[in-house]
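**Student:** I'd like to go over a predicted model; first the sequence, then the structure.
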Amino acid sequence: MASDITTVAVLGAGSMGHGIAEVAAIAGYDVWMRDIEESYVEDGLDQLEWSVGKLAEKGRLDEDPETVLSRVRTTTDLETAVGDADLVVEAIPEDLEMKRNLFADVDEFASDDAVLATNTSSLRVSDIARAVGNPERFCGLHFFNPPVRMDLVEVVSGEQTDPAVVDAAYEFVESLDKTPVLVRKDVPQFVVNNVLTPLMEEAGWMLDDGEAEVRQADAAMVFRRGYPMGPFELADFGGLDVFVHSREQWDDPVPECFETRVDRDDLGRKTGRGFYDYEEGDGVDYEPGDGEGFDTLRVEARMINEAARLVGDGVAEPEDVDVAMRLGGRFPEGTCRTGDKVGLDRVLDKLNSLHEETGASRYEPADYLVELVESGRTGEAAGEGFYDYADGGPYHYIDYTLHDDGLLEVVFDREERLNALSTDMLGEIRRLLDSVDTDEVRCVTFEGAGDRAFSAGADITGFTTDEPKDLMDVDETVETIYEFERPTIAKVDGLCLGGGFEILLACDIRLATEESKLGSPEINLGLIPGGGGTQRLVRLLGEPRTKELIFRGEQIDAEKAADWGILNRAVPAEEFDGTVEEFVSDITQGPKTALKVAKRVINDGQDASLDTALAMESQGFALLASTDDMLEGVEAFNQDRDPQFD
Ligand SMILES: C/C=C/C(=O)SCCNC(=O)CCNC(=O)[C@H](O)C(C)(C)COP(=O)(O)OP(=O)(O)OC[C@H]1O[C@@H](n2cnc3c(N)ncnc32)[C@H](O)[C@@H]1OP(=O)(O)O
């Protein structure tokens with residue numbers, strides 16, 4: 001829990017309010033959930049209870065559901081809700097006056113040092129903060145829907161917010177096990193909605209101008225560019241009225257295709273019809289082939305331009321924009337990273353030509369984009385863009401730490417997609433292992449971020465967008481791991497599937513929690529395992545079990561995997577860290593050269609005849625006979641002490 005916050009009041013029991021109350025209760029806070037009518041409070045509580053029950057069913061709660069629910073109290077009385085609260089989070093409808101009136105009352109009842117936060121998604125935080133006597137304690141905490149599932153929270157600093165309040169809010173979000181992204185300036189719509197809006201808006205203008213069809217735009221953005229939903233599908237999902245309202249609020253023009261539908265009350269999924277017909281039609285029904293001929297750069301140029309505006313105006317750093325778009329927009333990669341890959345000069349050319357053609361202000365390039373291009377920082381190919389690629393660029397999808405004892409800990413850091421292995425992530429793993437100084441490393445561990453997966457395999461969304469050669473990146477990365485000259489350990493806690501399973505098979509030591517599941521589901525996608533997944537497995541398990549696993553695409557539990565010899569150990573969750581530590585400590589304290597030679601002889605010997613393999617072993621033995629490690633090992637034996645290898 002955040003250090004100074006123990007009691008949280010959530011105002012509003014609707015989908016955002018009860019969701020925020022739920023995540024706070026799960027994190028251990030005492031929660032008051034308040035709404036204006038008893039029936040609203042009851043509905044919110046019912047949904048909260050249902051959701052907590054579902055999490056328990058899926059094994060995703062650390063406590064029993066009753067304990068979590070016992071921390072939630074409900075009321076319709078504002079004073080009761082906020083009187084003892086250290087943090088008040090408002091989640092009522094997006095109406096400035098309503099929010100201001102509510103906060104004027106909160107100001108009266110809440111203690112002077114309580115932090116006040118709004119969950120607004122489209123209003124300016126500072127405009128709401130003016131309702132309270134001390135706007136320094138007011139900030140934005142923008143959760144995404146549904147809060148229990150979405151990892152991102154935008155922490156927004158208003159014009160007058162005290163930095164200590166921003167720090168407390170940031171720490172609170174971290175304590176919920178969510179990812180905070182700091183929005184440094186109070187711009188309407190913050191980061192995610194600013195970058196996401198042009199996706200729908202620009203596709204809307206193209207539809208108005210007869211330059212796109214609904215299915216064409218959606219299929220192109222999903223199957224050619226890897227976005228999780230097409231622009232019109234997304235608009236239907238979020239509600240066309242919500243989109244129109246958020247634009248009208250700031251006097252931004254609205255494409256006609258949105259306006260006419262809203263006028264007809266065709267608001268999207270919630271009314272049964274929007275851009276697609278969910279009642280009489282087939283709903284979202286575009287297919288991969290529908291996307292040909294759609295100008296995806298036109299839509300992406302608008303999003304990249306917004307990202308550049310946010311960075312240039314000091315609202316967010318490129319890393320923050322990218323994390324926000326990955327977690328809040330479910331984008332396969334951040335928009336700044338996309339810009340660097342596409343080429344910022346192409347983006348600028350596109351915007352300039354559209355601006356010349358139409359005169360519309362939405363195509364005016366952000367000053368920062370122009371600055372980047374004019375200074376030659378046009379993206380990855382130029383060595384610099386939003387990011388500096390001089391040393392290969394920053395690591396976006398893995399985290400790593402090299403400890404003093406020589407342990408290199410590598411974390412696959414793409415929790416939002418169960419650590420699925422994108423081309424970028426696979427490249428980062430290779431880059432790290434190729435560039436790290438092996439004299440400094442004695443052992444490598446690989447694990448997945450979060451508590452759900454080691455890795456759910458290669459990134460399936462990339463299968464339609466990547467070149468066939470890029471799909472082979474799994475093989476290259478798995479071989480780099482297999483060939484790495486120091487011992488490697490796979491630490492599996494959760495799902496270990498497809499490419500993740502292939503990485504595990506390339507590791508020297510494989511440890512897992514008993515709850516973990518392993519398998520090769522590629523057959524279900526009409527594929528076969530890559531990255532040595534057929535060959536390493538058959539050498540390990542023999543033909544019947546290998547074929548059983550691969551043909552049926554089944555997941556097996558860790559205990560069975562240990563029985564079959566795939567894993568070294570499958571242990572209860574509470575013993576996992578200790579078990580890993582024992583292996584790591586033995587290896588990091590072991591003789592580096594002997595471990596290296598042992599690994600090479602065992603690996604290479606498997607593919608050779610017995611005679612050749614034995615010859616390799618003898619050579620290895622002879623090589624080690626004169627090393628300092630051997631001298632130290634023998635001396636330590638003679639002196640009856642533990643060896644101290646360099
Ligand atoms: C040579 C190598 C080839 C391969 O490795 S091929 C890939 C092999 N792997 C698979 O086929 C597994 C695919 N994933 C799944 O079937 C399911 O996931 C699970 C059964 C593992 C878990 O299901 P659930 O608990 O319902 O989670 P969720 O909502 O499906 O996943 C959370 C988010 O993770 C994304 N995700 C999961 N696996 C992958 C993947 N392999 N590639 C890309 N994204 C993936 C989802 O889409 C979703 O994201 P959103 O919340 O935005 O919808």
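**Tutor:** Done, it's in. Residues are numbered from 1 along each chain as shown.
**Student:** Could you use CA atoms for every contact and neighbour count after this?
**Tutor:** Fine.
**Student:** Surely residue 508 and residue 485 touch.
**Tutor:** No. Under the criterion of Cα atoms under 8 Å, residue 508 makes no contact with residue 485, lying 10.7 Å away.
**Student:** Confirm that residue 189 sits in a strand.
**Tutor:** No. Under DSSP: H, G, I helix; E, B strand; the rest coil, residue 189 sits outside any strand and is assigned coil.
**Student:** Enumerate every residue touching the nearest residue to it once chain neighbours are set aside.
**Tutor:** Distance criterion Cα to Cα, 6 or more residues apart in numbering; nearest residue to residue 189, sequence neighbours excluded, is residue 122 at 4.6 Å. Residues in contact with residue 122, defined by Cα atoms under 8 Å, 6 or more residues apart in numbering, are 94, 188, 189, 190, 246.
**Student:** try residue 326
**Tutor:** Counting by Cα under 8 Å, 6+ apart, residue 326 has contacts 332, 333, 334, 416.
**Student:** repeat that with 6 Å
**Tutor:** 333, 334 (Cα atoms under 6 Å, 6 or more residues apart in numbering).
**Student:** Would you mind checking the average pLDDT for the helix or strand hosting it?
**Tutor:** Using DSSP states H and E, residue 326 sits in helix 318-328. For helix 318-328, the mean per-residue pLDDT is 97.
**Student:** center of this protein - which residue?
**Tutor:** Closest to where the C-alpha atoms of the chain average out (Cα atoms, centre = their mean) is residue 416, at 3.3 Å.
**Student:** Output the lowest mean pLDDT helix or strand found in this protein.
**Tutor:** Ranked by mean pLDDT, DSSP states H and E, the helix or strand of the chain with the weakest confidence is helix 468-471, at a mean of 64.
**Student:** what secondary structure does the residue nearest to residue 138 when sequence neighbours are not counted sit in?
**Tutor:** Closest residue to residue 138 apart from its sequence neighbours, by Cα to Cα, 6+ apart: residue 116 at 4.8 Å. Three-state assignment for residue 116 (three-state DSSP): strand.
**Student:** Could you report the distance from residue 116 to the ligand?
**Tutor:** Distance from residue 116 to the ligand, counting by Cα to the nearest ligand atom, to the nearest Å: 30 Å.
**Student:** burial measure for that residue, as a count.
**Tutor:** 29 (other Cα atoms under 10 Å).
**Student:** Could you list the contact residues of the protein toward the ligand?
**Tutor:** 330, 416-418, 420, 456-461, 474, 497-499, 521-522, 529-531 (Cα under 6 Å from any ligand atom).
**Student:** Just the buried ones from these, in PyMOL syntax?
**Tutor:** In PyMOL, a selection of the buried entries from the residues of the chain next to the ligand looks like this (16 or more other Cα atoms under 10 Å):
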select buried, resi 330+416+417+418+420+456+457+458+459+461+474+497+498+499+521+522+529+530+531
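**Student:** got the contact list for residue 500?
**Tutor:** Contacts of residue 500 (Cα under 6 Å, 6+ apart): 455, 457.
**Student:** Tell me the pLDDT of it.
**Tutor:** We have a pLDDT of 98 for residue 500.
**Student:** doesn't it fall inside a helix?
**Tutor:** Yes. Counting by three-state DSSP, one finds residue 500 located in a helix.
**Student:** Does residue 131 touch residue 102 like I think?
**Tutor:** No. Judged on Cα atoms under 6 Å, residue 131 makes no contact with residue 102 at a distance of 8.6 Å.
**Student:** what about the strands in the stretch 1-150 of the chain?
**Tutor:** 7-11, 30-34, 72-75, 87-90, 115-118, 138-143 (DSSP state E, counting those that start in this stretch).
**Student:** Contacts for the third one, please.
**Tutor:** Applying Cα under 6 Å, 6+ apart, the set of residues contacting strand 72-75 from outside is 31, 32, 33, 34.
**Student:** hmm, try it at 10 Å
**Tutor:** 8-11, 13, 21-22, 24-26, 29-38, 41-42, 44-45, 48-49, 80-81 (Cα atoms under 10 Å, 6 or more residues apart in numbering).
**Student:** Can you mark which positions in that strand are buried?
**Tutor:** 72, 74, 75.
**Student:** who's the second one bridged to?
**Tutor:** Counting by DSSP bridges, residue 74 forms beta bridges with residue 33.
**Student:** Residue 96 contacts residue 120, doesn't it?
**Tutor:** Yes. Residue 96 lies in contact with residue 120 (Cα atoms under 10 Å); the separation is 9.3 Å.
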